[in-house]
Structures are given as structure tokens and as C-alpha cells.
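Chemist: no sequence on hand, only this structure:
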């Protein structure tokens, strides 16, 4: 303990005595608080030796281990129906690590310099955890060995998500990012999406989507064990809007298709000062740094030229310095569909709109090499014929 003295040349002896007593008590209290803080910090340090016990689960070593994640959140019907089907077959150890909320357009974002909370979740027959992070956080954590007693499942399945991930949407897509993270970590992966359409799709479509995917999943697991599954690529599976009337599987190529992002200015009277609009979904960039001359009129003109997509993101644009004179503007992002000029029937969105189940091999390279495309095509043909 550091000693503290008070210069008493010009102070009454009684006051000096009282001041010394008060300072002494404060120093003692500070020392105690410091010891308690040190103990708390030590107890909060991560420990790999105790991490596995937090996620204790019974594993049948004779069964392959599967990891399931998604982008829509752990309570989404696509994930729940898929996990229930995998558990019902009784062929696999099924583990789930998924976002606790909707992160469907979070892209390949991760959570840094913030604590990620993990809580156990109830999905009958599966060991499940929900994570306060992105799909990439979930896969990265699950494969790290810090959460489960294993660090490398046989296969990672990301999905089934609500809404397609064709074309450039793959870069925004959280479900594709989850599968991509597995591929980066050297684990084979599948991403699965249902081409959900408002006023046309219904929740039972996810059950039909599961029934369509299970033969391909089973074939992938079988051939991964045999070393026959295509290496260095992940398969993105897009299921048409009416799964039960699909025309079959079709190997496709990633297209250039995308919706048009449309930022609309929102009146400041709608939101009081200091109010921040909630982000139901995020494109990874939560704050749009827009200029002072952002044109609300231009955005309004474009609004009526294209059909609106159902996905909506809200964000905030702030311009100027953080002072009393700063300019604060509010914006709302909508995705607008537009007519596609690409006519190649082997492109993902074309096959999907035509009623096929589009299967697109994705590589970590900017372009999928011809040999990977060929290997994926050969495997899909063999796998589907073997399941018939």
C-alpha cells in the first residue's frame, strides 16, 4: 500500500489528523477493490480446459458428425425442419451453432473486440447453441474446438434459408458465408436456400425443401467418407419457389444477377433526436457515411421504376463533425428487383426461375476452375443416380 501524507504547515492539527484518516481509509478501500478486480479478471480469462465441459454432449463415434448453421436465426423453420429430419434418420451426430437472430444478409462479417454470448438451445435430438454473432462467427467458433468436444465435423450444412442467394447475392448472403467459412477451414460444406416469394410461399414449403435436399446430403456424406466428394469447392443449392413440383437438379454457374439497392431519405420528423432505427438485417456496413448532398429526390424517382423486393434494411447516415451543428440524416434501404438480361439457361437464377433445383459449385478462387466445375458435375450425376 502506498503511503499518503498531508503537508500540515498551515493547517490545524485536528484537521490534518482527520484528513490523514480519511485518505488512509480510501487507500485501503482502493487496495481491496484492486484485489477484487484482479480476481474477477483472472476468473473471466478464457480457458480451453473448461470450454468443452460447457458443451458436454454424448457422441456416438460410429456416426458421422454434422454441423448445421444458417443465416435466418436458430428459430427459423428452415433450420428446424432440416435438423429434425437429420436427427430422425438416426444416422448422424447432429450439432447446431446458429445466430440467435436474423443475420441473413450479414455477408462474411465477423465479430471482433466484442464478447460473443453463447446459449444452449432446444432442438430435439441435437446439441444446439445460439450465438449473438454472425453465421461466420458460428462456424468459426464451432470449428475452433472451444465450444464442442470436436473441431472438425464431416460436413457443414448452412440453411435452409428464406430467400435465394443467386448471383451477386452470394456476397451479401449469410448462409453462403457460413458454408464458405467451413471451406476456408478445410471442411466440406453445403449452403441451401429456398426461393421464398411473398404471398406465394408458405412455411410447409420448407418441409418439401428438406425432402428434396436429404438425398443430396446423404450422398455427400457417403462420398466424403470415401474421398469422392469434390474438393476445394462448396455447393450452393437453390430450391425453387414450389419445391414439390421441381423439375430436378441442375448444375449451374454463378450469374451476375442482383437486386438494385435503393436508399431513400426518411423525414427527420419520423424519428426523434437520438433515436436509432433498428437493423432487422444488416449488409455488414451498419452506418452509411453519406454526403451532405444526398439526393432524396433522385431516390424517390427511382422508387416507382422498379418492383420492390420484400427485404428491407434500415440504417443511418451521419455527415459532419460530432458537434452541436452536425447534420444528421436518416435513410432506408430497399432492394428492388430488375429485369435480367442474361439468357444462359445454365445460370443459377435462370435455372431456379425455370423450376430446377440449382446446384452451383463455389470456389475460394475468384473464378471456379474448369476442373472443379467438371468434378462437381460428375459427382452430382453419380450421386443422384446412386440415390434413385
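Modeler: Done, it's in. Please read these numbers as outputs of a predicted model, since none were measured by experiment.
Chemist: all strands of this protein, in order?
Modeler: Assigned by DSSP state E, the chain shows strands spanning 65-69, 93-99, 118-123, 126-131, 155-162, 189-194, 234-239, 249-251, 260-266, 307-319, 327-337, 357-362.
Chemist: which stretches of the stretch 51-200 of the chain have low pLDDT?
Modeler: Scanning the stretch 51-200 of the chain with the threshold set as pLDDT under 70 gives 51-58.
Chemist: turn the strands of the chain into a markdown table, columns for mean neighbour count and distance to residue 106.
Modeler: Heads up, the C-betas are built off the backbone N, CA and C, glycines and all. Shown next, in a markdown table, are those (neighbours: other CB atoms under 10 Å; distance: least, CB to CB, whole Å):
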| stretch | mean neighbour count | distance to residue 106 |
| --- | --- | --- |
| strand 65-69 | 26 | 12 |
| strand 93-99 | 27 | 8 |
| strand 118-123 | 14 | 17 |
| strand 126-131 | 22 | 12 |
| strand 155-162 | 28 | 12 |
| strand 189-194 | 28 | 14 |
| strand 234-239 | 25 | 17 |
| strand 249-251 | 20 | 28 |
| strand 260-266 | 16 | 15 |
| strand 307-319 | 16 | 11 |
| strand 327-337 | 17 | 14 |
| strand 357-362 | 24 | 17 |
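Chemist: any chance of TSV for these, columns distance to residue 226?
Modeler: Below are the strands of the chain laid out as TSV (distance: least, CB to CB, whole Å):
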stretch	distance to residue 226
strand 65-69	17
strand 93-99	19
strand 118-123	29
strand 126-131	25
strand 155-162	13
strand 189-194	17
strand 234-239	17
strand 249-251	20
strand 260-266	44
strand 307-319	40
strand 327-337	41
strand 357-362	19
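Chemist: so which of these is nearest residue 144?
Modeler: Closest to residue 144 of the strands of the chain is strand 93-99 (CB to CB; 10.5 Å).
Chemist: adjacent strands (with direction) for the closest one?
Modeler: Applying DSSP bridges, strand 93-99 is found paired with strand 65-69 (parallel), strand 126-131 (parallel).
Chemist: any idea which of those strands gets closest to residue 337?
Modeler: Among these, strand 65-69 comes nearest to residue 337, with 27.6 Å by CB to CB.
Chemist: which pLDDT value belongs to residue 311?
Modeler: Predicted confidence (pLDDT) for residue 311: 35.
Chemist: all helices of this structure, in order?
Modeler: Residue ranges of the helices in the chain, as given by DSSP state H, are 13-44, 48-54, 77-89, 135-143, 169-172, 174-184, 204-226, 296-303, 348-353, 370-387.
Chemist: could you say what helices and strands the fourth one packs with?
Modeler: Other helices and strands packing on helix 135-143, by 3 or more CB pairs under 8 Å, 6 or more residues apart in numbering; DSSP states H and E, are strand 65-69, strand 93-99, strand 126-131, strand 155-162, helix 174-184.
Chemist: format the ones you listed as TSV; extra columns: distance to residue 224.
Modeler: Below are those laid out as TSV (distance: least, CB to CB, whole Å):
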stretch	distance to residue 224
strand 65-69	11
strand 93-99	15
strand 126-131	20
strand 155-162	6
helix 174-184	12
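Chemist: out of these, the one nearest residue 363 is which?
Modeler: Judged by CB to CB, the one of the helices and strands packed on helix 135-143 that comes nearest to residue 363 is helix 174-184, at 8.4 Å.
Chemist: mind listing what's buried in the closest one?
Modeler: Residues of helix 174-184 classed as buried by neighbour count (16 or more other CB atoms under 10 Å): 174, 175, 176, 177, 178, 179, 180, 181, 182, 183, 184.
Chemist: what's it in contact with?
Modeler: Helix 174-184 is contacted by residues 67, 69-72, 99, 103-109, 134-136, 138-140, 143, 156-159, 161, 165, 170, 188-193, 232-234, 236, 362, 364 when judged by CB atoms under 8 Å, 6 or more residues apart in numbering.
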